[in-house]
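*Asks:* curious how this folds, go ahead:
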Amino acid sequence: MKQRTTRELFAHWNALRGERAAPERAEVDPVAVGDALSDTFVLEYADDGAHRVRLAGSRIASLILREPRGEPFADLWRKTDRAAVVALVDGVCDGQTPAVAGVIAAPRGLAPARYELLLLPLRHRGRTHARLLGSLATDEAPTWLGLIPTDPLELGPVRSLFREDGAERPRASPARPAMRVIEGGMAGVLRSR
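*Replies:* Take a look at the predicted model:
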């Protein structure tokens, strides 16, 4: 995890979950998230099977120049990445395993900005496929942020943050890579098993 927001949100989520695979949605404290709150979002599973944006922080709204509440999360992404994004969200919920991914955001003709996407499973009233906590963050905000909406987001490599036994992955070493990266076409797709 490269971004400060990503690390802070993951640390809060990880402390809440304790020995469980994921904490309850009601346990997440917006005050404890602090500055990261502007970069966070909550997704919910809708009756139509879509992962809809339930809440989104102000920097996410500034990135796309609208409030995405109620929109399918996949609609924020390039058409070629939408199936991978849906599979990624489903994989995080199915495996109750957090993931992090690279993201490129840019308005047409302007310099791209590199973001980091974090997806964290949540339980909601005991259900595992109801809510998901995430962040979309960069430490260097682009000059166009809040002035021009980004084109659809581009998904980069995806990494699982836990080993198959549920323990946190160690830092990378030449002998043992820290995170599994599964490539699929232009974008990586996490497939939890």
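*Asks:* name the helix or strand for V42, please.
*Replies:* strand 40-45 (DSSP states H and E).
*Asks:* helices or strands up against that strand?
*Replies:* strand 51-56, strand 127-137 (3 or more CB pairs under 8 Å, 6 or more residues apart in numbering; DSSP states H and E). All C-beta spots, glycine's among them, are computed from the backbone N, C-alpha and C.
*Asks:* need the winner for burial among those strands.
*Replies:* strand 127-137 (a mean of 22; mean count of other CB atoms under 10 Å).
*Asks:* for that one, the averaged confidence score.
*Replies:* What strand 127-137 shows for mean pLDDT is 90.
*Asks:* how far off centre is that strand?
*Replies:* Remark: strand 127-137 is offset 8 Å from the chain centroid, using CA atoms, centre = their mean, to the nearest Å.
*Asks:* can you list the helices and strands packed on strand 40-45 in CSV and add distance to A111?
*Replies:* Shown next, in CSV, are these (distance: least, CB to CB, whole Å):
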stretch, distance to A111
strand 51-56, 24
strand 127-137, 18
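*Asks:* so which of those strands comes closest to W13?
*Replies:* strand 127-137 (6.4 Å; CB to CB).
*Asks:* can you list contacts of that closest one?
*Replies:* With CB atoms under 8 Å, 6 or more residues apart in numbering as the test, strand 127-137 has contacts from 3-6, 9, 13, 21-22, 25, 28, 36, 39-45, 51, 54, 59-60, 63, 89, 92-94, 96, 103, 115-124.
*Asks:* restricted to helices, list the residues you listed.
*Replies:* Counting by DSSP state H, those place 4-6, 9, 13, 59-60, 63, 89, 92-94 in helices.
*Asks:* show the buried residues in those residues.
*Replies:* 5-6, 9, 13, 59-60, 63, 89, 92-94 (16 or more other CB atoms under 10 Å).
*Asks:* would you turn these into a markdown table with pLDDT and distance to D151?
*Replies:* Formatted as a markdown table, those follow (pLDDT from 0 to 100; distance: CB to CB, whole Å):
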| residue | pLDDT | distance to D151 |
| --- | --- | --- |
| T5 | 90 | 22 |
| T6 | 91 | 23 |
| L9 | 94 | 25 |
| W13 | 94 | 30 |
| R59 | 95 | 17 |
| I60 | 96 | 15 |
| L63 | 96 | 11 |
| V89 | 95 | 21 |
| V92 | 94 | 25 |
| C93 | 90 | 27 |
| D94 | 90 | 30 |
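*Asks:* on that earlier part again, which of the helices and strands packed on strand 40-45 sits closest to G109?
*Replies:* Of the helices and strands packed on strand 40-45, the one closest to G109 (CB to CB) turns out to be strand 127-137, at 21.8 Å.
*Asks:* which helix or strand lies directly C-terminal to that closest one?
*Replies:* Following strand 127-137 toward the C-terminus (DSSP H and E): strand 154-160.
*Asks:* can I get that following strand in CSV, CA atoms only?
*Replies:* Only the C-alpha atoms of strand 154-160 are listed here, as CSV (Å, rounded to 0.1, in the frame of the first residue of the first chain):
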residue,chain,number,x,y,z
GLU,A,154,-8.5,2.7,-15.8
LEU,A,155,-7.8,-0.4,-13.6
GLY,A,156,-4.2,-1.5,-13.1
PRO,A,157,-2.7,-4.4,-11.3
VAL,A,158,-4.6,-6.0,-8.4
ARG,A,159,-3.1,-7.5,-5.3
SER,A,160,-4.7,-9.5,-2.5
